[in-house]
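S.K.: coordinates for the following, if possible.
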Amino acid sequence: DQSIVAIGMAVPGPYLRNEGRTAVVSSMQGWRKINFINEFASAFGVPLFIEQDARAGALAHYLFDPAVHTSDNLAYYLVGEGVGLGVIENGRLINGYLGAATEIGHISVDVNGRPCDCGNIGCLERYCSTPAIHDMLIDDGVLVPGAADMTHTEAARALFRKAQEGDGRAIAMVRNIARYVGYGCVTIFNGFNPKHIIIGDIVSEAGPMFLEEVLSTVEERSIPEIYNTTSITLSTLSADAAVSGAAAVAVTQFLEHPSMFFDVS
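M.R.: Now for the predicted structure:
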């Protein structure tokens, strides 16, 4: 029997769980008006569970990643269309009062920097997300020909390919992006002190050179005792962590609250 008994969804954050909608979605502002609970709950005859994408990714690694799933303290650091964070502390996700906790992408790394849609200035995601990378490439105009006609993801992947092929200017740009990702890791260290930080989503595809620069930045800027006892790795899940996490959200609810499924046929 392949019938669906529950649906899990992962949405870009911050996700305001009490209102059923997102507060900020980089470059896709129209989604802020959508109440996901109202739109989807009535469309399916099964329980619906919604979680912010980075927190869903953290849950996916906690349950499915053999390298870290035995740890009760980990952080999934999503660096893609936006920059997000999911933190598991003592086996439980950190959510916050409105469900908008751990939004590392909207922590300022430059108080006089680039404005962000969230209202802050110099937010981390304005320097290392795929939209930010796309803007850099369009401004450059030469490094990735035709970048202006690409999607954010296509432009970022084109940059990563050039860097992996040895292009010096591409390598320099990737290393600069990695330094900002490293600044985020330092904030994760100081704010949450997880045992593991797993960097995932599109920007993690920049690969070993990218991770090397992240580690160098973190070592330079963090407390040695924390740096030496925390692993920072790239995600190795075969499927998108947020998609796997969406399923994990539904599975976890089923295991923790089985009685709510008794009447589902």
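S.K.: report the central residue of the chain.
M.R.: Leu78 (1.9 Å; C-alpha atoms, centre = their mean).
S.K.: so what's that residue up against?
M.R.: Residues near Leu78 by C-beta atoms under 8 Å, 6 or more residues apart in numbering: 53-54, 57, 84-86, 200-201, 241-242. All C-beta spots, glycine's among them, are computed from the backbone N, C-alpha and C.
S.K.: ditto for Ala58
M.R.: Contacts of Ala58 by C-beta under 8 Å, 6+ apart are 74-76, 85-88, 93, 245.
S.K.: with His152 instead?
M.R.: Going by C-beta under 8 Å, 6+ apart, His152 touches 27, 81, 129-131, 133-134.
S.K.: so which of those wins on neighbours?
M.R.: The most neighbours of any of the contacts of His152, using other C-beta atoms under 10 Å, belong to Ser129, which has 30 neighbours.
S.K.: how far away is that one from Pro224?
M.R.: In this view, Ser129 and Pro224 are 29 Å apart by C-beta to C-beta, to the nearest Å.
S.K.: looking at pLDDT only, which of the contacts of Leu78 scores worst?
M.R.: Among these, Ala242 carries the lowest pLDDT, at 73.
S.K.: tell me which element it falls in.
M.R.: For Ala242, the host element (DSSP states H and E) is helix 241-256.
S.K.: that helix - contacts with which helices or strands?
M.R.: strand 7-11, strand 48-52, helix 53-64, strand 74-79 (3 or more C-beta pairs under 8 Å, 6 or more residues apart in numbering; DSSP states H and E).
S.K.: quick one: list the elements packing against the longest helix that the chain contains.
M.R.: In the chain, with assignment by DSSP state H, the single longest helix is helix 168-192. If you count contacts as 3+ C-beta pairs under 8 Å, 6+ apart, helix 168-192 packs onto strand 74-79, strand 83-89, helix 125-128, helix 130-140, helix 152-164, strand 196-200, helix 208-221, helix 224-227.
S.K.: and these as JSON lines, adding distance to Arg114?
M.R.: Below are those laid out as JSON lines (distance: least, C-beta to C-beta, whole Å):
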{"stretch": "strand 74-79", "distance to Arg114": "17"}
{"stretch": "strand 83-89", "distance to Arg114": "13"}
{"stretch": "helix 125-128", "distance to Arg114": "4"}
{"stretch": "helix 130-140", "distance to Arg114": "8"}
{"stretch": "helix 152-164", "distance to Arg114": "16"}
{"stretch": "strand 196-200", "distance to Arg114": "22"}
{"stretch": "helix 208-221", "distance to Arg114": "19"}
{"stretch": "helix 224-227", "distance to Arg114": "28"}
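S.K.: could you single out the most deeply buried of these?
M.R.: strand 74-79 (a mean of 31; mean count of other C-beta atoms under 10 Å).
S.K.: pairing partners for that one, with directions?
M.R.: strand 83-89 (antiparallel), strand 196-200 (parallel) (DSSP bridges).
S.K.: need these in TSV (columns: distance to Cys123).
M.R.: As requested, the strands paired with strand 74-79 are arranged in TSV below (distance: least, C-beta to C-beta, whole Å):
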stretch	distance to Cys123
strand 83-89	8
strand 196-200	18
